[in-house]
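**Student:** quick one: sequence plus predicted model below, questions after.
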Amino acid sequence: MHSRDSKKEIIKPAVRAVLYLYRFSIIILVISLFIPAINAGRITSLVSENMSLFTAGVSYKTLTSNTIRAIKNGWIQAESFDILYIGCLMACLGVVGAVAAACMSLGSLKLRRLGSIFAIIGNVISMIGFGVIKIAHSQLSTTAYPDRINPAIPIGFYIIMGIVVFTMVLSVVLLVIQPKPTEKDEYELQQKYKLFLLMVPFIALVFVFSYLPLWGWRYAFFDYKAGGTLGKDNFVAFKWFKFLFQNKATRNDIVRVLRNTLAMSGLGLATSWSSMAFAIFLCEIKNMRIRRLIQTFTTIPNFISWVLVYSFATLIFSSDGIISNIIVSRGGTAVNFLMSSEHIWLKMLAWGMWKGIGWSAIVYIAGISGIDQQLYEAATVDGAGRFRKMWHVTVPGLLPTYFVLLLLQISGILSNGMEQYLVFKNPYNTNDIMVLDLYVYELGIGSGKIPLTTVVGMVKSLVSVTLLLSANKFSKVIRGESLI
Amino acid sequence: METIKNLSKNLLHGLSQIFRRKSDKKELYVSSAPKYKTTAGDVVFNILNYSFFIIFTFACIFPFYYLFINTISDNDLVRKGAITFIPKGIHLRNYISLRSVGDLAQSFKVTFARTVLGTALMVCASGLVGFLVTKREMWGRSFWYRFIIITMYFNAGLVPWYLNMSMLGLTDNFLGYIIPGIVAPYNIILVKTYVESIPAELEESAYIDGASYMKVFTRIIWPLSKPILATIAIFGAVGHWNSFQDSLIIMQNNASLYTLQHRLYIYLNQTTNIGQAMRSGNMQLSASMQAALLNAKTIKYTISMVTVIPILLVYPFMQRYFEKGIMLGAVKG
């Protein structure tokens, strides 16, 4: 497009190799901040095992969450933790300098040299931070109750410090082996890197919130309880995977939950054509004003939360809801339709359709208006009636869209979400309403069975991805178009 | 990637059909072309078709109406079940008494704050990323685009996600509502699709005049993308306003950060439980407790109403923005 980049600068292979190593070590340094196992600030057992150096340096509240009792009993001095916090904060701030340096290392010679200076400054700040952490440690070591707070220099302290020192050495090497900039040199960054650097913060966010949780899959291989640690002594390999099949109660639970999940997803799949039908029949309404009114009102339920849907449900179907009121006024007895497991799958399907059908019809309505008018005219000339036009013109026109949505729905067969089932769950229907997502929530977050539910979630994710990839392959073969 | 793009085009196209007040005839097509005479079959079909849609539309809006009349009708009549279709004994005391419901104001503040802040950040991020990923000269563009989009299709699972949030110190922390939602892959696809439909000449001329990427983004792309940004802002705001699951999972130890929906869920459950106990006779309630319970019932409906109003307000907004017409090229079936 537009080439505003100046002539390409040639970098010597040796310098290039050092540059790669330097960027790599900075990336490792950043990642190491987020790993609780090598938290350099864990100089006492009062700092939680699950806290990373980043958390310790950013959130004072989290860092000191366990210290209240220790301070009250005089095991530690309050300011030791203030010092520790300052140390962790400085260690983290120093890494910010290193990150800036890594970004600058993509630029021109002059920018790279400036970057090296940034890196050195950052690393020095980090080193001072480590010194401060050491001071906090020696202060804590003077306690009269060492068995309560276990002061010790953690292994992470040496690991992260090692990476910092390594980075600093590389920055100095880079300063030495790269030529001095001439007067003509400028601070420059190629367009492609400029664009990339603008993306970096967002890539980092995606990494932290979507990819980093995968690191949590390791809990599946440990005998972990909330607040505990992961180590050699509680490594259990595939115990929880076997447990899932061997423990009778759990196995029965899983079978029941899978039955519910597949039944409700299956019902959803079996009725997935309904929004297409909704759209086709809606387009038979010729009065534009009425049609738009219907469309507007039927999309409203899509925008309200499941909690509100449940509120509506109690308003209408509970024992003091409108239906019971009408029954009572005619001499009957009030019935609470929500407190039963009768036809619960169908009821859940009905609520789902009530909420979603108007919304999911939108795509099809747009599709109908994209169908060539001449097809209808030709069909009319050939004597096709209303239904034959629907079946032979409209439906084939919408099938590609339907096909794509169906494949996506199939690959999500195990994930029907938990909100709907959580709000409608009660002691009467819990057996039939419990779906996989809700089961994982109740067992994992509610009862703290973290390894077991991690296993379930892991298997679920793998199955879903496999289904999606198969659907994608299928779509490529059949339609020649990939799904994802 | 193409398929998702086409789907999102269809969705936007459909939305613009609903929400634009003036429509051009050609687009909104009636599948049976005009005929010269109406047959008896047509009449029967129309009656059945209209009845179905009228009944369904009624089913969609009646709960809103019924909720509303229950909150403004005389509380005694509501208790007796005398309110069916028409409000009686209209008053607004229920709404006034909401002020005395503890925690509600706090939840409202939290939800409002996350809706405003979360939506603003999400829209800015989606706009910028959606623009950046259209720049072919970016280093590793298609890789990074895929890196972001692929996260729509897999996740590590609820428990690892929770452990991750707790590791980052975002549990029992207001930022836990905001930061994870900043990058929204689907919205990025929507913005990207829209930006690609903007004539490239506009950008090019700016680059020739020496504008930087950020300048082009803020001066050209952002103003021109307003319809799509408004759309994702509405979706985002509705999502934040309705959020319930994250409050349930990551705010376990900090009730002052519960969202409005979470609070409503708690109220709904409380009244059901007490009501159940009353019926099964396990609990002997004094008159004052019964009164309190009945009050709790109307309060719960009033809270529901307050929660629903902002959602209904979204509609006129949508109309305003779709009026300008989001037309994204040709629609592929």
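**Tutor:** Good, I have the coordinates. Note that the structure is a prediction, hence the values are computed from the model and not measured.

**Student:** point out where the stretch 101-250 of chain A drops to low pLDDT.
**Tutor:** For the stretch 101-250 of chain A, the stretches flagged by pLDDT under 70 are A:226-232.

**Student:** what does it put close to chain B?
**Tutor:** Counting by Cβ under 8 Å from any Cβ of the partner chain, the positions of the stretch 101-250 of chain A adjacent to chain B are A:191-196, A:198-199, A:202-203, A:205-206, A:208-217, A:219. Placement of C-beta: from N, CA and C, glycine included.

**Student:** ok, B:N173 touching A:S59?
**Tutor:** Yes - at 7.4 Å, B:N173 counts as touching A:S59 under the criterion of Cβ atoms under 8 Å.

**Student:** measure stretch A:95-115 end to end?
**Tutor:** Stretch A:95-115 has an end-to-end distance of 13 Å (Cα to Cα, to the nearest Å).

**Student:** now that stretch: how far from the chain's centre is it?
**Tutor:** Taking Cα atoms, centre = their mean, to the nearest Å, one finds stretch A:95-115 lying 31 Å from the centre of the chain it belongs to.

**Student:** in it, what's buried?
**Tutor:** Of the residues in stretch A:95-115, those buried under the neighbour-count criterion (16 or more other Cβ atoms under 10 Å in any protein chain shown) are A:95, A:97-115.

**Student:** with adjacent residues omitted, what lies nearest to the closest residue to chain B within chain A?
**Tutor:** Scanning chain A for the residue nearest chain B gives A:G457, at 2.4 Å (criterion: Cβ to the nearest Cβ). Nearest non-adjacent residue to A:G457, counting by Cβ to Cβ, 6 or more residues apart in numbering or on different chains: B:G157, 2.4 Å away.

**Student:** these two touch, right, the one you found and A:L462?
**Tutor:** No - the pair B:G157 and A:L462 does not pass the contact test of Cβ under 8 Å, sitting 10.2 Å apart.

**Student:** what packs against the helix or strand that A:N252 is a member of?
**Tutor:** Counting by DSSP states H and E, the element that carries A:N252 is helix A:248-270. The contact analysis (3 or more Cβ pairs under 8 Å, 6 or more residues apart in numbering or on different chains; DSSP states H and E) places helix A:248-270 against helix A:239-246, helix A:344-369, helix A:395-411, helix A:430-433, helix A:436-440.

**Student:** just to revisit the earlier point, ok, the residue nearest to A:G457 - contacts?
**Tutor:** Contacts here follow Cβ atoms under 8 Å, 6 or more residues apart in numbering or on different chains; on that basis B:G157 touches A:P213, A:G216, A:V440, A:T453, A:T454, A:V456, A:G457, A:M458, A:K460, A:S461.

**Student:** how about A:N429?
**Tutor:** A:M339, A:S340, A:S341, A:I344.

**Student:** likewise B:V110?
**Tutor:** Listed by Cβ under 8 Å, 6+ apart, the contact set of B:V110 reads B:F174, B:Y177, B:S256, B:L257, B:Y258, B:T259, B:L260.

**Student:** which helix is the longest one in chain A?
**Tutor:** Ordering each helix of chain A by length in residues (DSSP state H) puts helix A:109-141 first.

**Student:** flag every buried residue along that helix.
**Tutor:** Residues A:109-116, A:118-123, A:125-130, A:132-134, A:136-137, A:139-140 are the ones in helix A:109-141 that count as buried (16+ other Cβ under 10 Å).

**Student:** over to stretch B:137-150?
**Tutor:** For stretch B:137-150, the neighbour count (16+ other Cβ under 10 Å) marks B:M138, B:W139, B:R141, B:W144, B:Y145, B:F147, B:I148, B:I149 as buried.

**Student:** ok, now stretch A:457-466?
**Tutor:** Within stretch A:457-466, the residues that qualify as buried by neighbour count (16+ other Cβ under 10 Å) are A:G457, A:M458, A:V459, A:K460, A:S461, A:S464.

**Student:** need the contacts of A:N429 in CSV (columns: secondary structure, pLDDT and distance to chain B).
**Tutor:** Putting these into CSV (DSSP: H, G, I helix; E, B strand; the rest coil; pLDDT from 0 to 100; distance: Cβ to the nearest Cβ, whole Å) gives the following:
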residue, secondary structure, pLDDT, distance to chain B
A:M339, coil, 81, 7
A:S340, coil, 80, 13
A:S341, coil, 79, 15
A:I344, helix, 88, 16
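
**Student:** which among those residues end up buried?
**Tutor:** When neighbours are counted using 16+ other Cβ under 10 Å, the contacts of A:N429 contain these buried positions: A:M339, A:I344.

**Student:** for the closest residue in space to A:I133 that isn't next to it in sequence, give me its contacts.
**Tutor:** Here the nearest residue to A:I133 in space, its sequence neighbours aside, is A:G87; by Cβ to Cβ, 6+ apart that works out to 3.7 Å. Under the criterion of Cβ under 8 Å, 6+ apart, the neighbours of A:G87 are A:G41, A:G129, A:F130, A:G131, A:V132, A:I133, A:K134, A:I135, A:A136.

**Student:** quick revisit: now, the residues of the stretch 101-250 of chain A next to chain B that are in strands?
**Tutor:** Counting by DSSP state E, no part of these is found in strands.

**Student:** need the buried ones from these selected in PyMOL.
**Tutor:** Selecting in PyMOL just the buried members of these, where the criterion is 16+ other Cβ under 10 Å, is done with this command:
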select buried, chain A and resi 191+192+193+194+195+196+198+199+202+203+205+206+208+209+210+211+212+213+214+215+216+217+219
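
**Student:** and the residue of chain B that's closest to chain A?
**Tutor:** Nearest to chain A in chain B, going by Cβ to the nearest Cβ, is B:G157, at a distance of 2.4 Å.

**Student:** look up how far A:N252 lies from that residue.
**Tutor:** The gap separating B:G157 from A:N252 is 22 Å, by Cβ to Cβ, to the nearest Å.

**Student:** go on, A:F424?
**Tutor:** 22 Å.

**Student:** what's the answer for B:K297, then?
**Tutor:** With the distance defined as Cβ to Cβ, B:K297 ends up 38 Å from A:N252.
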